[in-house]
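In: My questions are about this predicted structure, shown below with the sequence.
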Protein chains: 2
Amino acid sequence: MAKRRRRGSQRVTMGEVARLANVSPSTVSLYLRRPDEVSPGRAEKIQAAIDRLGYLPNTMAGGLASSRSNVIGVLVPTITNSFFSETLETLERHLRSAGYQLLIGNTEFDDAREEELIRSILSWNPVGLVLTGFLHTRKSLSVLANNDTPIVEMWDYGQPGLDMVVGFSHHACGRLVAEHMLRQGRRRMAFVSTNFQRDVRARDRYHGFRDTVEATGGTVELRELSGRSHAEETGRLTHALMQDHPEIEAIACSNDMVALGVLCECQRQAWDVPGRIALAGFGNLDFTTSTVPPLTTIEPPRREIGQHTARLLLASLASELPEAEKRLDLGVRLVERESV
Amino acid sequence: MAKRRRRGSQRVTMGEVARLANVSPSTVSLYLRRPDEVSPGRAEKIQAAIDRLGYLPNTMAGGLASSRSNVIGVLVPTITNSFFSETLETLERHLRSAGYQLLIGNTEFDDAREEELIRSILSWNPVGLVLTGFLHTRKSLSVLANNDTPIVEMWDYGQPGLDMVVGFSHHACGRLVAEHMLRQGRRRMAFVSTNFQRDVRARDRYHGFRDTVEATGGTVELRELSGRSHAEETGRLTHALMQDHPEIEAIACSNDMVALGVLCECQRQAWDVPGRIALAGFGNLDFTTSTVPPLTTIEPPRREIGQHTARLLLASLASELPEAEKRLDLGVRLVERESV
DNA sequence: ATGAAAGCGCTAACAC
DNA sequence: GTGTTAGCGCTTTCAT
């Protein structure tokens, strides 16, 4: 038998609970928010009524009445990627346990979409907003300026920012990899990257790499994929790169997936890694321990970003934060394995 | 200078827009919902006022007044995993473009947590609910029964379900892999798995595998990891497995990450894959094309699940769906590569 | 096509 | 400690 869908059939209200418990609605409300301020006897009756009726408070009504939502908006470029999804998972755990509901938006690396999402989320009257990176449209900035919600820009560091900042320097990531390769005596380098248009942070890592290498007289060939990493394209690109520049002795990649594609091509061509070519990635993804050889990479503070973003947001919800505590560089760690 | 945080400072309301545009609030409301039902002259004035004041409608107030939210709740075991995150991404794209806001909850493979999240999300008065799988606590079921929201249970198939079902049979996944291995003449098999407690669907795949192999007189050794796949533990387990059962000629894994761990151990021990050991995974993760040899695996319909879940939900929001259309088996595809 | 009025379900003063 | 009252910002009849 098909379940009857009582569309619009009202759910149990606080008033009905109140009636059943023989108290006023405001007592029920009080009981729900500060249980120990109602007498034990009534508290018990109210709880019984709630259980009996299966009452669930209406969050929207509560939010409207108190003109204070428990909503926090979070915008990430994609959730299909352990970088942001781990940050998100940590963020959501910390924020939910503090009583907040996350509103997650997927910008798909598109700032016009970010603009739309910002408006959409702002219409929920969030008490906080988390954005990824510093790149926002003019309109986004003006909408945000009209608004006094605490904002954290995460996953990046090195620019002033709108309010709070929790991240790390992608430029430093590139530098770290470069320094490590230089230390191993490599001079002729290449950087194979996902598309810069799509991911501005990959470009920052490239700049850090290139600047450091060139400062010591080395050279860097840049190769950009057309989109996100794709094993075949990466292979082809690497093959062409080595054909044009057989002198290359180290390849840094914008992330581990790209590095895997390159490594795979090296295996096909029987180019020894790291003997003939040193190879490094970014992200310290799970599989990097399992490749042959294990991949040298950069560990970004995925979960720490989530944790500290939550902390800063919560703190700034409690009281205005001193300027000095509003910006946090979490740093990164070079994971030295055997591919360099 | 620190930005003054006007806490509680009211945002621009519809009333203020109305005043500026010299119309009544209800006209503004009408303009926002059905623009072509207000005269062009006023429409223009209203839009001007909106732009001028930077007005953003208050979703909560709207939802309360119309007693109809635009919220859809989604509960997944984890977003840190391309299985669910790709489904989620697709689901969110389709649902958002239809005007809905997703409320995402992370159950962390814990049904007590799911119960909490269900209550928490129900308090937003969602017009739809998406759950992962069929496993819910008694209390969850009773809360859900008190509720007439359309529900989709996704990522699984083969049980009655609460309302709508969009997924595939994990038992069939195991069977497919088994049949393929049997076809290649393998008889002594093993199944290496993430923990069944954590992921019930891995157990279903195991059962499908075992039942099929044993039906033809083959044998299956089961090895369960203590938690989620971890390269080291997988390596150790595989080593011990082969020591105890050197006769094993095929290993099926509960997912690709586990398979990678096993493959890695095979490389270390110089056991030829697939010569000595055939190997298969589940998930068709990105890296599976890049391993040596490329990994035979199962492609689950991640994005299709999201797409069809959205479609069913939207349809059932428009009108009661016939029973026949409420259950969808999307099937899976064996991706034959070189590891079997 | 437009506006007045009555809520939506709850919270927050305030009085008792 | 408890109830009364007045909104929160919007939508929705229902007149006009």
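Out: That came in fine, so what should we check first?

In: per-residue pLDDT, A:His230?
Out: At A:His230, the pLDDT value in this model is 82.

In: now do A:Asn147
Out: Confidence for A:Asn147, expressed as pLDDT, is 88.

In: residue contacts, the nearest residue to it once chain neighbours are set aside?
Out: Excluding its sequence neighbours, the residue lying closest to A:Asn147 (CB to CB, 6 or more residues apart in numbering or on different chains) is A:Leu122, at 6.3 Å. To be clear about C-beta, it is placed using only N, CA and C from the backbone, and glycine gets the same treatment. The contact partners of A:Leu122, by CB atoms under 8 Å, 6 or more residues apart in numbering or on different chains, come to A:73, A:129, A:143, A:147, A:149, B:56.

In: Need phi/psi at the third one.
Out: Here the main-chain torsion angles of A:Val143 (degrees, to the nearest 10) amount to phi -60, psi -40.

In: what does the first one give?
Out: With angles defined as degrees, to the nearest 10, A:Gly73 sits at phi -90, psi 140.

In: residue contacts, it?
Out: A:102-105, A:117-118, A:121-122, A:124, A:126, A:128-130.

In: And what about A:Ala11, helix, strand or coil?
Out: One correction, residue A:11 is Arg, not Ala. Following DSSP: H, G, I helix; E, B strand; the rest coil, A:Arg11 is assigned to coil.

In: From DNA strand C, how far off is it?
Out: 7 Å (CB to the nearest atom of the strand, to the nearest Å).

In: can you check A:Ser24 too?
Out: 8 Å.

In: Which pLDDT value belongs to A:Ala2?
Out: For A:Ala2, the model assigns a pLDDT of 30.

In: just A:Asp199 next, same as before
Out: Value for A:Asp199, per-residue pLDDT: 89.

In: Nearest spatial neighbour of it, chain-adjacent residues omitted?
Out: Per CB to CB, 6+ apart, closest to A:Asp199 is A:Phe109, 6.4 Å.

In: so where does the one you found fall, helix or strand?
Out: Secondary structure from DSSP states H and E places A:Phe109 outside every helix and strand.

In: who touches it in this structure?
Out: A:77-78, A:198-199.

In: Same question for A:Phe83.
Out: A:155, A:283, A:300, A:302.

In: Which among those count as buried?
Out: A:155, A:283, A:300, A:302 (16 or more other CB atoms under 10 Å in any protein chain shown).

In: quick one on the thing from earlier: which of the contacts of A:Gly73 fall within helices?
Out: Residues of the contacts of A:Gly73 located in helices (DSSP state H): A:117-118, A:121-122.

In: Mind giving me the packing neighbours of the helix or strand containing A:Ser140?
Out: Applying DSSP H and E as the criterion places A:Ser140 in helix A:138-145. When contacts are defined as 3 or more CB pairs under 8 Å, 6 or more residues apart in numbering or on different chains; DSSP states H and E, helix A:138-145 sits against helix A:111-122.

In: Buried residues, the helix it packs on. List them.
Out: Quick answer for helix A:111-122 (16+ other CB under 10 Å): A:111, A:113-118, A:120-122.

In: Ok, stretch A:273-285 next?
Out: A:273-274, A:277-285.

In: so of the residues you listed, which ones are in strands?
Out: A:278-280 (DSSP state E).

In: Any chance of those in a markdown table with distance to A:Arg183 and pLDDT as columns?
Out: Shown next, in a markdown table, are those (distance: CB to CB, whole Å; pLDDT from 0 to 100):
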| residue | distance to A:Arg183 | pLDDT |
| --- | --- | --- |
| A:Ala278 | 11 | 98 |
| A:Leu279 | 15 | 98 |
| A:Ala280 | 12 | 98 |
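
In: Nearest to B:Gly235 among those residues?
Out: Lowest distance from B:Gly235 to those (CB to CB) belongs to A:Leu279, with 22.0 Å.

In: If I look at A:Ser290, what pLDDT would I see?
Out: Looking at A:Ser290, the pLDDT reads 83.

In: Contact partners for it?
Out: B:231, B:260-261, B:263-264.

In: What of A:Asp199?
Out: A:77, A:109, A:254.

In: which residues in the stretch 151-300 of chain A form strands?
Out: Secondary structure of the stretch 151-300 of chain A, counting by DSSP state E, counting those that start in this stretch: strands at A:151-154, A:164-167, A:188-193, A:219-224, A:250-253, A:278-280, A:297-299.

In: hmm, back to that, would you mark the buried spots in the helix holding A:Ser140?
Out: Buried residues in helix A:138-145 (16+ other CB under 10 Å): A:140, A:143-144.

In: of those residues, closest to B:His245?
Out: A:Ser140 (59.7 Å).

In: What residues does the closest one make contact with?
Out: Counted by CB under 8 Å, 6+ apart, A:Ser140 has contacts A:111, A:114-115, A:118.

In: let's see it at 6 Å
Out: A:115, A:118 (CB atoms under 6 Å, 6 or more residues apart in numbering or on different chains).

In: where's it relative to B:Gln243, distance?
Out: 59 Å (CB to CB, to the nearest Å).

In: A:Pro150 too?
Out: Taken as CB to CB, the span from A:Pro150 to B:Gln243 is 57 Å.

In: With neighbour numbers in mind, choose between those two.
Out: A:Pro150 (25 against 8; other CB atoms under 10 Å in any protein chain shown).

In: what about the nearest residue to that one once chain neighbours are set aside, how many neighbours?
Out: Spatially, and ignoring its direct neighbours in sequence, A:Pro150 is nearest to A:Ser316 (4.4 Å; CB to CB, 6+ apart). Per other CB under 10 Å, the neighbour tally for A:Ser316 reads 21.

In: per-residue confidence for A:Ser316?
Out: pLDDT at A:Ser316 comes out at 95.

In: any residues touching the helix or strand in which it is found, and which ones?
Out: Here A:Ser316 sits within helix A:302-318, counting by DSSP H and E. By CB under 6 Å, 6+ apart, the surrounding residues in contact with helix A:302-318 are A:83, A:86-87, A:90-91, A:94-95, A:98, A:128, A:130, A:150, A:152, A:154, A:164, A:166, A:321, A:328, A:330.

In: can you tell me if it touches DNA strand C.
Out: No - Helix A:302-318 stays clear of DNA strand C (CB under 7 Å from any atom of the strand), getting no nearer than 14.6 Å.

In: mind listing what's buried in stretch A:326-340?
Out: A:326-328, A:330-332, A:334-335, A:337, A:339-340.
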